[in-house]
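> What follows is a predicted structure for the sequence shown.
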Amino acid sequence: MPSTDVSAWPEGTVKISVTGDSAAGNPIIISHDVTVDLATVAISINALATDDVINAAEKGADLVLSGVTTNVEAGQTVTISLNGRIYTTTVDDSGNWTYTVPSADLAGLKDGVASVQVSVTNVNGNSASAGREYSVDATAPSVTINTIATDDILNASEAQSDTAISGTSTAEAGQTVTVSLNGKDYTTTVSANGSWTLNVPAADLAGLSDGSVTVTASVSDKAGNPASADHNLTVDVTVPAVTIHTVAGDDVINVAEHNQAQIISGSATGAAAGDKVTVTIGGQTYTTVLDAAGNWSVGVPANVISGLSDGTATVSVSVTDAAGNTGSGTHNVTVDTGLPSVSFNAISDDNVLNAVEKVRICASAAPAPTGRRHRGGRDPQRQNYTATTAADGTEPDRSGSGSDRSRSGQLHPERDGHQRRGQQREQHREPACRYRAANRHHQHHCGR
């Protein structure tokens, strides 16, 4: 029968009849029903691994292949070809098919583009086939974190402003990078050149305590392969506290000490041995380091000390720790190189002491700090008396007793002025007072 005639048959059942005569001349009719199946058979493959990309995680697990058939009866065989291997399954009542490829078979997949092929035949012999491309990307991207705060140490000054955290990644441009620090997450994207950067607000840095913290950056490529990296950051936000010890024993540099080298010393907390100490006095700067006990000292040459003018000299000290935190302090020192002067008021009205007059000596001193003690003497038989300088530079009168006037002669008042730190000046009053013996007692006050 010509194909042109067969192709004209309608879909459905076609009755084929054969007629003829037997040898006896009797007519013979033979009929046979033929099903004409002209429906199109089809088969499809669903997306592999949801996105037609097999990543590293998916490559390590069983892979489910599935699809749909059309005009194929349940139970018909579906043949699958994947990575050089053949697998078979059957069509279910809904025309669907599925097959699970074991992970061991996926281990041989190489990164790149590949395809899977399927075919099916219905009961009437109509066949269909289909293919689907997929890619394998089992290589995880990389991600790195650059040095933070130039030295991976966050000091107090740096913690007061936003801090940039940056790095690189081999993930595709636009992929999200997540940075975790101190329980908070920050996000940015990979740029076209593979770099990434973001800022951590100063308000978040304020919650960091001294010690080591871990910064974590994570990213996934388009295939879903993840990558992460950890980076240690040292936090040192404690500023050293500086102490400056007393200078020259009493924080006063007198005339003798003004010509001598001086030691300036102190201590610091919140810093470590070897941290730098800078000391400035008289326009000169000296450096040293903390010892193991946190102490420091520098020697200031005599020529620098002698260049200090009377008044207040300020010692400035700063300590910088390894993190770059700088603590500072100042200490005032009094420079006093002036000698005190002493003057006497008149001794009696005429500088002549008779028998009825007591010796009344009044004096003033300048400059001499309040409360300094001074002594007086008498010639030729020395008697000592002491008085204390008042706030106005004067001192109370000193009176001699009658027993001190037992002989005639000349009385030479003598004065030593002792200033702070051992500076002293001695002064004599001339002319001497003449005195006459008498058995009367009358007190005469100086200046009256």
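Sure thing, it's come through.

> Quick check: the gap between residue 168 and residue 323.
Using CB to CB, to the nearest Å, we find residue 168 at a distance of 26 Å from residue 323. C-beta coordinates here come from the backbone N, C-alpha and C atoms, glycine included.

> hang on, I meant residue 182
The value you get for residue 182 to residue 323, if CB to CB is used, is 18 Å.

> and those two? which has more neighbours close in?
residue 323 (25 against 15; other CB atoms under 10 Å).

> Quick check: the more buried one vs residue 173, distance?
Taking CB to CB, one finds residue 323 at 36 Å from residue 173.

> How about residue 269?
Counting by CB to CB - residue 269 and residue 173 are separated by 50 Å.

> and residue 108, backbone torsions?
phi -80, psi 0 (degrees, to the nearest 10).

> got the contact list for the closest residue in space to residue 187 that isn't next to it in sequence?
Leaving out its chain neighbours, the residue that sits closest to residue 187 by CB to CB, 6 or more residues apart in numbering is residue 178, at 5.3 Å. Residues near residue 178 by CB atoms under 8 Å, 6 or more residues apart in numbering: 185, 186, 187, 217, 218, 219.

> now the residue nearest to the first one when sequence neighbours are not counted, which residues is it bridged with?
It refers to residue 185. Once flanking residues are discounted, residue 185 sits nearest to residue 178: 5.5 Å by CB to CB, 6+ apart. Taking DSSP bridges as the rule, residue 178 bridges to residue 187, residue 218.

> Give me the distance between residue 178 and residue 332.
Residue 178 is 55 Å from residue 332, by CB to CB.

> likewise residue 137?
72 Å.

> and those two? which has more neighbours close in?
Neighbour totals were compared for residue 137 and residue 332, and residue 137 leads with 19 against 12 (other CB under 10 Å).

> Quick check, pLDDT for the more buried one.
For residue 137, the model assigns a pLDDT of 97.

> for it, what are its contacts?
53, 54, 55, 56, 111, 221, 222, 223, 225.

> now swap in residue 293 and tell me
Residue 293 touches residue 267, counting by CB under 8 Å, 6+ apart.

> taking the contacts of residue 137 one by one, which sit in helices?
Secondary structure defined by DSSP state H assigns residue 56 of the contacts of residue 137 to helices.

> and which of the contacts of residue 137 is nearest residue 244?
Nearest to residue 244 among the contacts of residue 137 is residue 221, at 59.3 Å by CB to CB.

> Neighbouring strands of the strand or helix carrying residue 15 in the sheet, and parallel or not?
Assigned by DSSP states H and E, residue 15 belongs to strand 12-21. Strand 12-21 pairs in its sheet with strand 27-36 (antiparallel), by DSSP bridges.

> What count of nearby residues applies to residue 96?
Residue 96: 15 neighbours (other CB under 10 Å).

> any idea which of the contacts of residue 178 is closest to residue 66?
Minimum distance to residue 66 across the contacts of residue 178 is 30.9 Å, recorded for residue 219 (CB to CB).

> Identify the residues contacting the closest one.
141, 143, 169, 171, 175, 176, 177, 178, 190, 226, 227, 228.

> now those in JSON lines, with pLDDT and distance to residue 316?
What follows is the contacts of residue 219, written out as JSON lines (pLDDT from 0 to 100; distance: CB to CB, whole Å):
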{"residue": "141", "pLDDT": "97", "distance to residue 316": "53"}
{"residue": "143", "pLDDT": "98", "distance to residue 316": "47"}
{"residue": "169", "pLDDT": "98", "distance to residue 316": "48"}
{"residue": "171", "pLDDT": "98", "distance to residue 316": "52"}
{"residue": "175", "pLDDT": "98", "distance to residue 316": "53"}
{"residue": "176", "pLDDT": "99", "distance to residue 316": "51"}
{"residue": "177", "pLDDT": "99", "distance to residue 316": "46"}
{"residue": "178", "pLDDT": "99", "distance to residue 316": "47"}
{"residue": "190", "pLDDT": "98", "distance to residue 316": "49"}
{"residue": "226", "pLDDT": "98", "distance to residue 316": "54"}
{"residue": "227", "pLDDT": "98", "distance to residue 316": "51"}
{"residue": "228", "pLDDT": "98", "distance to residue 316": "48"}
